[in-house]
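Q: below is the structure, and that's it, no one-letter string:
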């Protein structure tokens, strides 16, 4: 298969870039975006980089009514040598295809997606912030665009990549958050779409998050939809516990997202010979461990925060404090190692980083 | 509260209308659409009827990533007197607000929505097909449009109504369908969004429907996500069974849509003194009734088909034939009565129909 050529149409004007210290998450976008079109029977075509601009979609497009959409999130960092580093982007592109399969959407060739991403990053290279903790957030997504109100997989799609310079997740250093264990609402259930990175899972979680916010909690802890006992995810992150020296994370069961940070942490712990187990784990077990004093650490993992230490769980008004509400040693070490590898400050023994060289140098 | 004025901008050219006999479902749209804008803190504004045209949305709009969207579906019929009849449209608008609440979306005033709908129907009146079985399908929907990638309720929304002339659901008369009982995939679970008319529920169902199609079945029967025993819905319809003279439909449990056709059928059966019960009902019970010869009828209910008789269930390769695969007497009577009331051919003792008079006459 020959690689599709990417047509580039540059923006006539350049937007003003925000100051590094004013950067937030996902509010400002770069000058360009990548697009490709899919038509059933014909496949993908019209691979192009164009100025960042509104998408024009028929009001009857499937995306608005039946939610056929998948997305990914990753970050690019500028390293000391002026190269741009991505973290396991092929894993994201592969996962997007897995998500798409669940939603009856077409596959997008992983190599072509990486090429598109590289080209787009080179085009908008000057948007990558350089200050400590900042990065370029990358959002690839695919949406169904056929103007048809029948409930059926769309015959038309677009694949889009947009870029957003983002500030540091931890403006005042990594710190633990308080988590509300959710007993009423459910994020996903086995047989549903929980393992897919698709809009419906996020829409479904907003209500519980709003309630948690009001009560002064950062995120909700999702329990399984069947027994409401077993831990699934925290907010939109995977979750890990360190109990009596062993690290435990819920096993992938079909309703939990196969997180790339999750996967990397398991590899890192194996590499360090820290015992790590993927299995079912209940809130009962967490409470027992906390009461016995063996719950040493807890943390969420995801692209945005990398590691988000948990200082307290509220489970039906019972407060379970973890590690005196402080960031644990292992959480800190994992955070520093992963972000170090991502930014190119530490050696990458796993081949996780993907470099986009500075075209001015190459 | 004063009613918002609706600004009308007519289309300069009119599209060609399809021939009545060529009408399908949801593929052709009328010349105009209704739109209103929402901004947090300011509420709804800019109520307008404009030419049907693509929506322009920022690629970062919440709808594409986190699926904040709700919709409704209803039909308008032209009656013998040239009036347009809607069926319980206030129920749809109320339900859209209930769905929206689950998804952290703003409410849209029911009266204003009905006014908008009436105006839009008057504007595109000549698009309503008159042939037996045809109708004007109405699709109100609300989508989140704020360009922000944080997982949070959007601060901006649009409310849209589009219209589509549709053909008869039963081109060759009402006839029973074959249904595949779904054991692997789950549509929704208690604590999720099953009771809301939102995109994610439909996206989630596509995969199972695709498998059913391949096996030669029209729709899937959804079981509950917890025990995988109790019946929830069939395809995107509610479901009823007639067993030994009693009509039974799954009780609303949080994961089942509160269907307006469902509700109307219950009222109609009460009116006729036919015993009708809303309760949990398992596939085991359906199989026993079928084996004992007491499963008299089964049918799905929804806006598109009104009544869709079921002739066979396939449950783990066991085939359960209902009423020798024929349309039951009660199914037929319900279909004729409901469609008769909807089209104004029968008296409406319930006050269900809502008339939009011909402005040329009034």
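A: Noted; the coordinates are in hand. Just so we're clear, the structure is a prediction, and the values are computed from it rather than from any experiment.
Q: just give the number of residues close to the residue nearest to residue A:194 when sequence neighbours are not counted.
A: Leaving aside its chain neighbours, residue A:194 sits nearest to residue A:188 (2.7 Å; criterion: C-beta to C-beta, 6 or more residues apart in numbering or on different chains). In short, each C-beta sits where N, CA and C put it, glycine included. Per other C-beta atoms under 10 Å in any protein chain shown, the neighbour tally for residue A:188 reads 30.
Q: what ranges does the stretch 1-150 of chain A have for its strands?
A: A:7-8, A:32-39, A:43-51, A:55-57, A:69-71, A:74-78, A:84-87, A:135-144 (DSSP state E, counting those that start in this stretch).
Q: what comes up buried for stretch A:44-53?
A: A:44, A:47-49, A:52 (16 or more other C-beta atoms under 10 Å in any protein chain shown).
Q: next: stretch A:55-64.
A: Going by 16+ other C-beta under 10 Å, stretch A:55-64 has these buried residues: A:55, A:57-64.
Q: straight-line length of that stretch, end to end?
A: With C-alpha to C-alpha, to the nearest Å as the measure, stretch A:55-64 spans 13 Å from end to end.
Q: same question, stretch A:206-222
A: End residues of stretch A:206-222 are separated by 12 Å (C-alpha to C-alpha).
Q: then stretch A:340-352?
A: 12 Å.
Q: chain center to that stretch: distance?
A: 19 Å (C-alpha atoms, centre = their mean, to the nearest Å).
Q: ok, residues contacting it?
A: Residues from elsewhere that reach stretch A:340-352 (C-beta atoms under 8 Å, 6 or more residues apart in numbering or on different chains): A:75, A:77, A:79-81, A:83, A:85, A:87-88, A:264, A:267, A:271, A:306, A:337, A:353.
Q: in helices, which of the residues you listed fall?
A: Counted as lying in helices by DSSP state H, out of those, are A:264, A:267, A:271, A:337.
Q: low-confidence regions, chain A specifically.
A: A:1, A:360-362 (pLDDT under 70).
Q: what's near enough to touch the residue in it positioned nearest to chain B?
A: Of all residues in chain A, residue A:200 sits closest to chain B, at 2.1 Å by C-beta to the nearest C-beta. Shown in contact with residue A:200 (C-beta under 8 Å, 6+ apart): A:67, A:193, B:67, B:193, B:198-201, B:203-204.
Q: quick one on the thing from earlier: now distance to residue B:332 too, for the strands of the stretch 1-150 of chain A, in CSV please.
A: Output for these, formatted as CSV (distance: least, C-beta to C-beta, whole Å):
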stretch, distance to residue B:332
strand A:7-8, 58
strand A:32-39, 42
strand A:43-51, 46
strand A:55-57, 41
strand A:69-71, 40
strand A:74-78, 57
strand A:84-87, 62
strand A:135-144, 37
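Q: buried set for stretch A:111-120?
A: Result for stretch A:111-120 [16+ other C-beta under 10 Å]: buried residues A:112-120.
Q: residue A:83 touches residue A:354, doesn't it?
A: No. Using C-beta atoms under 8 Å, residue A:83 makes no contact with residue A:354, being 10.2 Å away.
Q: let me see the domain layout of chain A.
A: A:7-168, A:177-343 (automatic domain parsing).
Q: mind putting those domains in JSON lines, distance to residue B:104 included?
A: Listed next are the domains of chain A as JSON lines, based on distance: least, C-beta to C-beta, whole Å:
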{"stretch": "domain A:7-168", "distance to residue B:104": "16"}
{"stretch": "domain A:177-343", "distance to residue B:104": "4"}
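Q: out of these, flag the one nearest residue B:19.
A: domain A:7-168 (19.0 Å; C-beta to C-beta).
Q: near chain B at all, the closest one?
A: Yes. Domain A:7-168 lies within reach of chain B by C-beta under 8 Å from any C-beta of the partner chain, at A:25-27, A:29, A:33, A:52, A:54-60, A:63-69, A:71, A:73, A:102-104, A:137, A:139, A:141, A:143, A:147-153, A:160, A:162, A:164.
Q: those residues, buried ones only, as a ChimeraX selection?
A: Selection command for ChimeraX covering only the buried members of the residues of domain A:7-168 next to chain B, criterion 16+ other C-beta under 10 Å:
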select /A:25,26,27,29,33,52,55,57,58,59,60,63,64,65,66,67,68,69,71,73,102,103,104,137,139,141,143,147,148,149,151,152,153,160,162,164
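Q: inside helices: which ones of the residues of domain A:7-168 next to chain B?
A: Reading helices off the residues of domain A:7-168 next to chain B with DSSP H, I get A:63-66, A:102.
Q: turn the residues you listed into CSV, columns for distance to residue B:300.
A: Formatted as CSV, those follow (distance: C-beta to C-beta, whole Å):
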residue, distance to residue B:300
A:63, 26
A:64, 25
A:65, 20
A:66, 18
A:102, 25
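Q: farthest pair in those?
A: A:64 and A:102 (19.8 Å).
Q: helix or strand: which one has the nearest residue to the residue of chain A closest to chain B once chain neighbours are set aside?
A: Closest residue to residue A:200 apart from its sequence neighbours, by C-beta to C-beta, 6+ apart: residue B:200 at 2.1 Å. Using DSSP states H and E, residue B:200 sits within helix B:199-214.
Q: the inter-axis angle of that helix versus strand A:135-144?
A: Orientation of helix B:199-214 against strand A:135-144 (axes from the mean of the first three to the mean of the last three C-alpha atoms, to 10 degrees) gives an angle of 50 degrees.
Q: so is the helix or strand just after helix B:199-214 next to chain A?
A: Moving toward the C-terminus from helix B:199-214, the next helix or strand (DSSP H and E) is strand B:219-223. No. Against chain A, strand B:219-223 shows no contacts by C-beta under 8 Å from any C-beta, the least distance being 9.1 Å.
Q: name the helices or strands packed onto whatever helix or strand comes next after strand B:219-223?
A: On the C-terminal side of strand B:219-223, the closest following helix or strand by DSSP H and E is strand B:231-234. When contacts are defined as 3 or more C-beta pairs under 8 Å, 6 or more residues apart in numbering or on different chains; DSSP states H and E, strand B:231-234 packs onto strand B:219-223.
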